[in-house]
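Q: 3D model of this:
(one chain, ligands or ions: 1)
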Amino acid sequence: MMSVTSIARNKVLPFLRKSTKMQSTASLSSLVKLEEKQGYAVVSMQKTPVNSLSLEMIQALSQSLIELEKNKCKGIILTSACPGIFSAGLDIREMYQPTDDRLNQFWSSLQTLWLQLYGSKMATVALINGHAPAGGCLLAMCCDSRIMLNGKSKIGLNETKLGIVAPSWFKDTFVNTIGVRQSERALQLGSLFSPEEALKIGLVDKLVPDMETATAVAEAELKEFLQIPGMARYLSKMKIREAAIKDLSETREADLNQFVNFAKTDAVQKGLGLYLQSLAKKN
Ligand SMILES: CCCCCCCCCCCC/C=C/CC(=O)SCCNC(=O)CCNC(=O)[C@H](O)C(C)(C)COP(=O)(O)OP(=O)(O)OC[C@H]1O[C@@H](n2cnc3c(N)ncnc32)[C@H](O)[C@@H]1OP(=O)(O)O
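A: The predicted structure is shown next:
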């Protein structure tokens, strides 16, 4: 199996400098399902109940992208097999009372996944078939196009509501997607948007009424991207994204230290504990 480190040495993904211990492909496949279609793949997150991004889930997504790029896959539709949820974002339990080693691996793996997906040569469409708060929204924003199922789901970067701060690269992705003013307001307020609101501010590109339509629209959208000569499409995408990618690539260690120190503060730990309790109380 190709490791992240060996990928880093070739020219395909030159920014992947940080090594993380990857799980075996077999142990990761239960979390992410890959379905090969003609010329593209459907990547379905299937970590029940809410596709929370634990270390293993992040590594499974990362590994899937590595495999797909290795197999010269040209495009993906990223979606969820969990009913009503695209992804609940970062697994809060990874940040609450963590060990240093796991917390380091967790954040470093997330950095790697962001660099891979945001800078992917593949054409990428997110089919957001449910809630996409925080890290779930980030995953969707890393894609080239977002199709969202209309209904009661919410999407946005709600970190401040948990008493945490979205790091610079989350902010950069948000600004590149919806612009400075909308991002400044939504980041401070930790806004979660309905599909209609998300469409209005450009956080998603199209709404669909049901899953049958969603699949057809996502496929058509991906095919539109794939009709453009690959190198021209990729280099154009990078014109928008390369500054943010370069910034994190050059500051990974500092970003990791900042996250670890911030996450371990008493105030953050208390806030995360209360938030976990509030989620548990709901049930
Ligand atoms: C000084 C300046 C320094 C600046 C430096 C900055 C550096 C620091 C940066 C730190 C930033 C870290 C970034 C974090 C980004 C994130 O992604 S944080 C996660 C945010 N996610 C959420 O807020 C979503 C929370 N979940 C929900 O709102 C709901 O679960 C849902 C709407 C997604 C689904 O609702 P429903 O279908 O009703 O399911 P539930 O019953 O709520 O949940 C089922 C089950 O799952 C558990 N769960 C839900 N979400 C998470 C999660 N994110 N992590 C872990 N677990 C989760 C929930 O507790 C239930 O568990 P039980 O069945 O009760 O065991």
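Q: residue 170 and residue 207: what is the separation?
A: 24 Å (Cβ to Cβ, to the nearest Å). Where you see a C-beta, it was placed from the backbone N, CA and C, and this is true even at glycine.
Q: can you tell me the closest non-neighbouring residue to the residue nearest the centre of the chain?
A: For the chain, the residue nearest the mean C-alpha position is residue 139 (1.8 Å; Cα atoms, centre = their mean). Once flanking residues are discounted, residue 139 sits nearest to residue 87: 5.8 Å by Cβ to Cβ, 6 or more residues apart in numbering.
Q: and residue 197, how many neighbours does it have?
A: Residue 197: 15 surrounding residues under other Cβ atoms under 10 Å.
Q: element containing it, please.
A: helix 195-201 (DSSP states H and E).
Q: residue 236 too?
A: Per DSSP H and E, residue 236 falls inside helix 230-263.
Q: what's the answer for residue 148, then?
A: Taking DSSP H and E as the criterion, residue 148 maps to strand 145-149.
Q: just checking, what packs against that strand?
A: strand 123-128, helix 195-201, strand 206-208, helix 211-226 (3 or more Cβ pairs under 8 Å, 6 or more residues apart in numbering; DSSP states H and E).
Q: the helix or strand following that strand vs the ligand: in contact?
A: The helix or strand immediately downstream of strand 145-149 is strand 155-156, counting by DSSP H and E. No - Strand 155-156 stays clear of the ligand (Cβ under 6 Å from any ligand atom), getting no nearer than 9.9 Å.
Q: what's strand 155-156 packed up against?
A: strand 130-133, helix 135-141, helix 195-201.
Q: the stretch 151-283 of the chain against the ligand: which residues are in contact?
A: Residues of the stretch 151-283 of the chain lying near the ligand (Cβ under 6 Å from any ligand atom): 158-159, 162, 164-165, 167, 258-259, 262, 279-280, 282-283.
Q: where does the chain have low pLDDT?
A: Within the chain, the segments meeting pLDDT under 70 span 1-28.
Q: let's go with 80 and repeat that
A: Scanning the chain for pLDDT under 80 picks out 1-29, 282-283.
Q: surely residue 245 and residue 120 touch.
A: No - contact between residue 245 and residue 120 fails when scored by Cβ atoms under 8 Å: they sit 10.7 Å apart.
Q: and the two? which has more neighbours close in?
A: The neighbour comparison of residue 245 against residue 120 (other Cβ under 10 Å) goes to residue 120, with 21 against 17.
Q: where does the more buried one fall, phi/psi-wise?
A: Per-residue torsions, residue 120: phi -70, psi 140 (degrees, to the nearest 10).
Q: separation between the closest residue to it other than its chain neighbours and residue 162?
A: Nearest-residue entry for residue 120: residue 65, 6.7 Å, with adjacent residues in sequence omitted and distances by Cβ to Cβ, 6+ apart. Relative to residue 162, residue 65 is positioned 27 Å away (Cβ to Cβ).
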